[in-house]
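Asker: pasting the structure only:
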């Protein structure tokens, strides 16, 4: 215990961390990232709309600076930074993101192509008409609870009295702690029909609801192609929606066709439009297709228009399928209908969401009509008092003239207390003692102006009283019957649908899977060039022949193959990497090429390439392997014609490495050179043939500290020479010896 009376409590650090993190997580989940199932809004959206309502920025009034709205919202209700508030305001104004924009933006609020909104000091905003009439209309009727703001200086609504399931109409996206929500937007008219259907039949099934709300309605249009899978998505609240852009094929002059994309998948909005264009460029650059000649983005305020020009005779349908498979023209929207219900996050199906919303509508209506009923009853009380007062107006005037103060006059009107009041006659005093107006009626009489005594005014008062009685009867009927309340709510929704609903934009169907039939280009001879820095490229045969001398001098490996061939890259750790020739850059002789490790799976840090051979040269022949420890073998080249991109080419001894891999015919010879300049030439047929997964045999006896340095396959046409100690040695002049001998010293 300290002197100040404070007590030190000891607790586990892990417990404190766990509790703090859980508190933080729940705060993010409930108070920031996830929408409330009742109004479909996150706190920042709710506070921004309420602040605009408080500032009087209505749909029929002038726009106000966004900076004013953001500053006021941040100062009063949302102390989390201006960027989050302005970001929410911008999204609520973007008609390509929201199914039903809630804010009417004036100025640059961004574009569908990913351009950001202008700074808040340049833009203006006001509420949309639907926001005012369906989201904020009844806030003055005590329909929702108001809670203190962050510093208890203001009051804010805990939820907005939204009359439609906004969580379905506008959808929602948000990432909380350990969970995320992703709800697609839907068509307002269909959602209202779904709510009305639920009110008529609370036991409605997802299947029946699916007939009314067949799926999402994205503001970008497009086509949903997995209609049959949507039933499960709307039953569980989780799943995937597969979408495609709307594509049209137009004929142009010269018998050519072009593909025109007029609607895009919802997931493509923003920077993904640019990515789509780049993906199409990549398809052309990598020769996945040669039928596309040009692509241009001709989109404008009128809508999306992306044009892809095709070669004459190109199969447009096949190219569309290629775009579906290789680009975001076909994409997936992941659905997770997670929202806060009863203060807790919950994943709900579509019927469950509508159930929560309908319950909320009944709560709003109950509080609204209770408030209206109480107001009408107060009016009734005052009106009846004034009507009675008109019948005895002479007596009331006598009481007022005879009273010394208002308190005395009011006591007479309410309690019949005539003490201290001067009357003209005993009869007047006796009549006055029989008065018994209520407090509210007496105050209204005292506040009444003389012109109210005009005959027409009295008639208007009686007529107003009759109207009040009708209203009271109506409100009592609504509050007394669930069916009557449902009828009123349904009528309100029908009126909203009639005024604000728009036709469906997204088509929902069961689309066929995109099948792209790749047209194989005619193969042609190319020459592969590998320079001493490990850069590879290919050129056509005429180009090589024109530059043969420079090509042979500048590159450490040069060989011919076909453009549809595959390359076998053998590395010093005994691996083989298969690479398609089409992945090797093809172009001009002076082009740099690319590093060989960019086109295969090997890591230049752990292994290095020993030899590159075309698969066509390997497939029907034998491959000789030689290691630093002089272990050699022959392997049937057919073993390397595999589907895997990386496979084991040979087995190595510990601390050994592959030194050489080359193709040899039966009549060829193989020369080995050691680091101490011992040479051994043997017949290729003397080398045992083994499987690729086995060790070789010793090809040359090495002295202590010696190892194999090089190897060559010799045929009758080649006569390579090696310089040793300044002396040139012709390898084909070496005597053929036996395997596993020491060789000759040079």
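Answerer: Good, I have the coordinates. Just so we're clear, the structure is a prediction, and the values are computed from it rather than from any experiment.

Asker: Residue 320: neighbouring residues, count only.
Answerer: Residue 320 is flanked by 21 other residues according to other C-beta atoms under 10 Å. For the C-beta atoms, the positions are set from N, CA and C on the backbone; glycine is no exception.

Asker: so what's it up against?
Answerer: Residue 320 sits next to 247, 249, 259, 514 when contact means C-beta atoms under 8 Å, 6 or more residues apart in numbering.

Asker: Surely residue 375 is within a helix?
Answerer: Yes. Judged by DSSP: H, G, I helix; E, B strand; the rest coil, residue 375 forms part of a helix.

Asker: And the pLDDT for it?
Answerer: pLDDT, the model's per-residue confidence, is 94 for residue 375.

Asker: count of neighbours near it?
Answerer: Other residues lying near residue 375 total 15 when counted by other C-beta under 10 Å.

Asker: For it, give its distance to residue 140.
Answerer: Separation of residue 375 from residue 140 (C-beta to C-beta, to the nearest Å) stands at 11 Å.

Asker: one step back: quick one: which of the contacts of residue 320 has the most company?
Answerer: Result: residue 259 is most packed of the contacts of residue 320 (other C-beta under 10 Å), 23 neighbours.

Asker: on that earlier part again, go through the contacts of residue 320 and say which is closest to residue 14.
Answerer: Nearest to residue 14 among the contacts of residue 320: residue 514, at 52.1 Å, using C-beta to C-beta.

Asker: Nearest spatial neighbour of that closest one, chain-adjacent residues omitted?
Answerer: residue 324 (3.7 Å; C-beta to C-beta, 6 or more residues apart in numbering).

Asker: same check, this time on residue 283
Answerer: Using C-beta to C-beta, 6+ apart, the closest residue to residue 283 is residue 289 (5.4 Å).

Asker: Kindly report the same for residue 505.
Answerer: Using C-beta to C-beta, 6+ apart and skipping the chain neighbours, the partner closest in space to residue 505 is residue 221 (4.3 Å).

Asker: How much space separates the residue nearest to residue 514 from residue 261?
Answerer: Per C-beta to C-beta, residue 324 is found 11 Å from residue 261.

Asker: so when I look at residue 577, I'm seeing a helix, right?
Answerer: No. Under three-state DSSP, residue 577 falls outside any helix and is assigned strand.

Asker: Just list whatever residues bridge to residue 713.
Answerer: residue 670 (DSSP bridges).

Asker: Neighbours of residue 94, how many?
Answerer: When neighbours are counted by other C-beta under 10 Å, residue 94 registers 18.

Asker: thinking it is in contact with residue 108, fair?
Answerer: No. Contact between residue 94 and residue 108 fails when scored by C-beta atoms under 8 Å: they sit 11.3 Å apart.

Asker: if we can go back for a sec, mind picking the two most distant members of the contacts of residue 320?
Answerer: The distance between the two most remote of the contacts of residue 320 (C-beta to C-beta) is 15.0 Å, for 249 and 514.

Asker: all strands of the stretch 1-150 of the chain, in order?
Answerer: Counting by DSSP state E, counting those that start in this stretch, the stretch 1-150 of the chain has strands at residues 64-65, 103-106, 124-127, 146-148.

Asker: wait, which of the ones you listed is closest to residue 525?
Answerer: Among those, strand 103-106 comes nearest to residue 525, with 61.0 Å by C-beta to C-beta.

Asker: What strands line up against that closest one, and which way round?
Answerer: Strand 103-106 has its sheet partners listed here by DSSP bridges as strand 124-127 (antiparallel).

Asker: could you give the mean pLDDT of the partner strand?
Answerer: Strand 124-127 shows a mean pLDDT of 97.

Asker: do stretch 325-344 as well
Answerer: Stretch 325-344 comes out with an average pLDDT of 92.

Asker: Tell me the buried residues in that stretch?
Answerer: By 16 or more other C-beta atoms under 10 Å, the buried positions in stretch 325-344 come out as 326-331, 333, 335-341.

Asker: Please apply the same query to stretch 88-108.
Answerer: In stretch 88-108, counting by 16+ other C-beta under 10 Å, buried: 88-94, 96-107.

Asker: what is residue 745 paired to in the beta sheet?
Answerer: Beta-bridge partners for residue 745, by DSSP bridges, are residue 678.

Asker: That one against residue 678, yeah?
Answerer: Yes. Contact criterion C-beta under 8 Å: residue 745 and residue 678 qualify, at 5.6 Å.

Asker: Please say which of these two ends up with more neighbours.
Answerer: For residue 745 versus residue 678, the count of surrounding residues by other C-beta under 10 Å is larger for residue 678: 22 against 11.

Asker: how close does the residue nearest to residue 505 get to residue 292?
Answerer: Distance from residue 221 to residue 292, counting by C-beta to C-beta: 24 Å.

Asker: quick one: average pLDDT of stretch 102-110?
Answerer: Across stretch 102-110, pLDDT averages out at 95.

Asker: how long is it end to end?
Answerer: With C-alpha to C-alpha, to the nearest Å as the measure, stretch 102-110 spans 16 Å from end to end.

Asker: ok, back up a step: between residue 324 and residue 261, point out the one with more neighbours.
Answerer: Relative neighbour count places residue 261 above the other of residue 324 and residue 261, with 25 against 21, counting by other C-beta under 10 Å.

Asker: quick one: buried residues of the helix or strand containing the more buried one?
Answerer: Here residue 261 sits within strand 257-263, counting by DSSP states H and E. For strand 257-263, the neighbour count (16+ other C-beta under 10 Å) marks 257, 258, 259, 260, 261, 263 as buried.

Asker: I'd assumed residue 247 was in contact with the fourth one.
Answerer: Just to be clear, that refers to residue 260. Yes. Contact criterion C-beta under 8 Å: residue 260 and residue 247 qualify, at 7.2 Å.

Asker: What about the residue nearest to residue 32 when sequence neighbours are not counted, how many residues nearby?
Answerer: Closest residue to residue 32 apart from its sequence neighbours, by C-beta to C-beta, 6+ apart: residue 43 at 6.3 Å. Residue 43 has 20 neighbours, counted by other C-beta under 10 Å.

Asker: for residue 68, same thing?
Answerer: Using other C-beta under 10 Å, residue 68 has 17 other residues around it.

Asker: I'd like the distance between it and residue 123.
Answerer: Residue 68 is 11 Å from residue 123, by C-beta to C-beta.

Asker: repeat for residue 184
Answerer: Look at residue 184 and residue 123: by C-beta to C-beta, they are 27 Å apart.

Asker: what's the answer for residue 285, then?
Answerer: The gap separating residue 285 from residue 123 is 39 Å, by C-beta to C-beta.

Asker: Comparing the two, which shows the higher neighbour count?
Answerer: Using other C-beta under 10 Å as the criterion, residue 285 and residue 123 rank with residue 123 on top: 23 against 10.

Asker: Look at the residue most central in space within the chain and give its secondary structure.
Answerer: Nearest residue to the geometric centre of the chain (C-alpha atoms, centre = their mean): residue 267, 5.9 Å. Of the three states, residue 267 takes helix according to three-state DSSP.

Asker: Wait, it touches residue 330, no?
Answerer: No. Assessed by C-beta under 8 Å, residue 267 is found out of contact with residue 330, at 10.1 Å.

Asker: Which parts of the stretch 601-746 of the chain are helices?
Answerer: Secondary structure of the stretch 601-746 of the chain, counting by DSSP state H, counting those that start in this stretch: helices at 615-618.

Asker: where does it have low pLDDT?
Answerer: The model of the stretch 601-746 of the chain has pLDDT under 70 over residues 604.

Asker: next one: the stretch 201-350 of the chain
Answerer: Scanning the stretch 201-350 of the chain for pLDDT under 70 picks out nothing.

Asker: can you pull out the strands in it?
Answerer: Going by DSSP E, counting those that start in this stretch, the stretch 201-350 of the chain shows strands at 223-224, 238-244, 246-251, 257-263, 292-297, 306-310, 330-336, 338-341, 344-347.
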